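J.: turn this into a structure:
(2 chains)
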Amino acid sequence: DSGVTQTPKHLITATGQRVTLRCSPRSGDLSVYWYQQSLDQGLQFLIQYYNGEERAKGNILERFSAQQFPDLHSELNLSSLELGDSALYFCASSVGGTSGTDTQYFGPGTRLTVL
Amino acid sequence: AQSVTQLGSHVSVSEGALVLLRCNYSSSVPPYLFWYVQYPNQGLQLLLKYTSAATLVKGINGFEAEFKKSETSFHLTKPSAHMSDAAEYFCAVTSAGGTSYGKLTFGQGTILTVHP
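T.: Predicted coordinates for the structure are as follows:
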């Protein structure tokens, strides 16, 4: 158990819908990262938040958005869902976020299926 | 930009045999390198990381990796495979420079199968 929690574990929805994925980081970690894992794209970095502020952005679609709240939990919002958005979404957390040496601890993921 | 190439999407070994999973990276700045393992239906777990200290890095479960700058490689090895090592392994790179911060760039993964 990494100490990172993600809810829900599974999510099945229809095209065009909007969903929210939630992540609680390990106690004391200030950074939250979101990754998408799909068969065709592999593991891809989406976005990072550090202590409530957006720190880095990757291959995140405009239909996707995220935020980190004062209690440091984070939410990833996916809207206008398409079949291709079906994937495993991971959240990770680390103590810092301003260097590359921090270990990122991954949650168990949320499996999103868009029908 | 940074990238990682894992040679071999599938590797199969016998129990007790040497495990060698290959990783080559590309980075314009000094890299930090990681190996993660993913068991079925689970998240990723860190095996080991290289952060510019010793080039030979020892990790959990008997795994180790050696950073070779001249070869831009960070191959993962284990002297003797165990059935419990069967999983998917990911090599990843990041750096402290530019806008990378802690952003991990992953390879495509290598599925390790261990035969009795």
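J.: against B:Leu104, how distant is the residue most central in space within chain A?
T.: What sits nearest the mean C-alpha location of chain A, by Cα atoms, centre = their mean, is A:Trp34, with 3.0 Å. Distance of A:Trp34 to B:Leu104, computed by Cβ to Cβ, to the nearest Å: 12 Å. Quick note: C-beta positions are derived from backbone N, CA and C, even for glycine.
J.: can you list residues touching both of those two?
T.: The contact sets of A:Trp34 and B:Leu104 overlap at A:Phe45 (Cβ atoms under 8 Å, 6 or more residues apart in numbering or on different chains).
J.: coming back round to it: residues contacting the residue nearest to the centre of chain A?
T.: Contacts of A:Trp34 by Cβ under 8 Å, 6+ apart are A:23, A:45-48, A:60, A:66, A:74, A:76, A:89-92.
J.: could you give the bridge partners of it?
T.: Here A:Trp34 sits in beta bridges with A:Ile47, A:Cys91, going by DSSP bridges.
J.: ok, B:Ser3 next?
T.: Beta bridges link B:Ser3 to B:Ser26, judged by DSSP bridges.
J.: chain B against chain A: which residues are in contact?
T.: By the rule Cβ under 8 Å from any Cβ of the partner chain, the part of chain B lying against chain A is B:32, B:36, B:41-46, B:49, B:51, B:90, B:94-96, B:99-109.
J.: can you classify the closest residue to A:Gly42 other than its chain neighbours by secondary structure?
T.: Distances taken as Cβ to Cβ, 6 or more residues apart in numbering or on different chains put B:Gln108 closest to A:Gly42, at 5.0 Å, once the chain neighbours are dropped. Look at B:Gln108: counting by DSSP: H, G, I helix; E, B strand; the rest coil, its state is coil.
J.: flag every buried residue along stretch A:68-77.
T.: By neighbour count on 16 or more other Cβ atoms under 10 Å in any protein chain shown, the buried set for stretch A:68-77 is A:Gln68, A:Leu72, A:His73, A:Ser74, A:Glu75, A:Leu76.
J.: what's the farthest-apart pair in those residues?
T.: The most widely separated members of the buried residues of stretch A:68-77 are A:Leu72 and A:Leu76, with 14.5 Å between them, by Cβ to Cβ.
J.: point out where the chain drops to low pLDDT.
T.: Because you didn't say which chain, this covers chain A. Low-confidence segments of chain A (pLDDT under 70): A:98.
J.: actually chain B
T.: For chain B, applying pLDDT under 70 flags the ranges B:96-101.
J.: quick one: the strands in it, in order.
T.: Taking DSSP state E as the test, the strands found in chain B are B:3-7, B:10-14, B:19-26, B:32-38, B:44-50, B:56-58, B:64-68, B:73-78, B:87-94, B:105-106, B:110-115.
J.: can you redo those strands as TSV with distance to A:Thr15 and mean neighbour count?
T.: Formatted as TSV, the strands of chain B follow (distance: least, Cβ to Cβ, whole Å; neighbours: other Cβ atoms under 10 Å in any protein chain shown):
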stretch	distance to A:Thr15	mean neighbour count
strand B:3-7	32	17
strand B:10-14	33	14
strand B:19-26	37	18
strand B:32-38	28	24
strand B:44-50	29	21
strand B:56-58	45	14
strand B:64-68	42	18
strand B:73-78	40	21
strand B:87-94	29	24
strand B:105-106	28	22
strand B:110-115	31	16
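J.: now the residue nearest to A:Gly42: how far from B:Glu88?
T.: B:Gln108 is 10 Å from B:Glu88, by Cβ to Cβ.
J.: and for A:Asp40?
T.: 16 Å.
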